[in-house]
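A.B. asks: When you get a sec, could you give me coordinates for this:
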Amino acid sequence: FFTSGEDEKESKGESSVVTVKEPIPEDEDDHFTVSSKFIKDALNISAILSSSGEDSFESKMIAFSVHDGKVYVHMSDNKREVEMCTDLLNTEHQYTGFCSFGSGAIKKLTSLIGSYFTVVFRKEKSGEVELLKPKMLVHGGEISLDKIKVEESKYGKFSDTGSFKNYSSSDILDVLKRLNTFASMSIKNLRAIDFEGTVVKANNLAGTASIEVNVELPKCKLPLTDAKIIMGLISCSDSDMVSLS
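C.D. replies: Residues are numbered from 1 along each chain as shown. This is a model prediction of the structure:
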């Protein structure tokens, strides 16, 4: 509908801001809280891994390790691994340890949260034993989570030592996006993007697509799943640079 300028001013003057209380625990149970955007970005990467064709148990999991004021998210399809890291939003009563959940369940529950993603560990007694039961805080209350048993040793430790070099994030993202569709139309074992120094190529049964770039890139054959993961990670990063080895 259309309003006149006077009506618009009046409606703006009468409008009130409705504040929705974010689900942050007010008790002393251990918990960890991060931004919901970070979790949704991680779940997008998890979805790429789960559709990679490896169909492993790990590909359906999303794991968290919390220590030193940071939350690490671990994902794997038993062939490739991804680790994402962010700062805790609240270090008071910080949960410290490792836990893993089904990524599908977490993804569905993110529709019930606002700006924060919080998992709190409630102390519950089972006979003489005190257990920590994970609950995800949502608008209106909390939902119990099934903690899936996955060994932390299944996930590798990452370090930035090595022959890494910085490249423009936008340049790498542009090349991958432009060649992604062409490579995806190929048969499975040819679905890759080839970095050949200053030329990047993709092949399918129709021929070869190539892009010339102004910088020497690491030489490698990048499977399409890996290319999609890198695209996802660059897209959710605020950095102008990406380090590749």
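A.B. asks: where along this protein do the strands fall?
C.D. replies: 31-35, 61-67, 70-76, 81-87, 97-102, 116-126, 129-138, 141-144, 165-168, 192-196, 199-204, 207-212, 220-223, 241-244 (DSSP state E).
A.B. asks: among the ones you listed, which is nearest E151?
C.D. replies: Nearest of the strands of the chain to E151, taken as Cβ to Cβ: strand 97-102 at 8.9 Å. Heads up, the C-betas are built off the backbone N, CA and C, glycines and all.
A.B. asks: What residues sit buried inside that closest one?
C.D. replies: In terms of neighbour count (16 or more other Cβ atoms under 10 Å), strand 97-102 has its buried residues at F98, C99, S100, F101.
A.B. asks: dump the residue contacts of the first one.
C.D. replies: With contacts defined as Cβ atoms under 8 Å, 6 or more residues apart in numbering, F98 is in contact with A63, F64, S65, V66, E152.
A.B. asks: now with 10 Å?
C.D. replies: A63, F64, S65, V66, H67, Y72, H74, V150, E151, E152, S153, Y155 (Cβ atoms under 10 Å, 6 or more residues apart in numbering).
A.B. asks: ok, now which ones touch the spatially most central residue of the chain?
C.D. replies: Nearest residue to the geometric centre of the chain (Cα atoms, centre = their mean): A42, 1.1 Å. By Cβ under 10 Å, 6+ apart, A42 lies in contact with 34, 62, 64, 71, 73-75, 82-84, 86, 103, 106, 117, 232-233, 236.
A.B. asks: Please repeat the previous calculation with a cut-off of 6 Å.
C.D. replies: By Cβ atoms under 6 Å, 6 or more residues apart in numbering, the residues touching A42 are V73, M84.
A.B. asks: roughly how far apart are it and G232?
C.D. replies: 9 Å (Cβ to Cβ, to the nearest Å).
A.B. asks: How about S35?
C.D. replies: Distance check for S35 against G232: by Cβ to Cβ, it reads 17 Å.
A.B. asks: right, and the strands of the chain - which one's nearest L176?
C.D. replies: strand 192-196 (6.6 Å).
A.B. asks: okay, S35 and G232: which has more neighbours?
C.D. replies: Using other Cβ atoms under 10 Å, the more surrounded residue of S35 and G232 is G232, with 18 against 14.
A.B. asks: correct me, but the more buried one touches L43?
C.D. replies: No: between G232 and L43 no contact is recorded; they are 10.3 Å apart, counting by Cβ atoms under 6 Å.
A.B. asks: Count the neighbours of V150 for me.
C.D. replies: Around V150 there are 19 residues (other Cβ under 10 Å).
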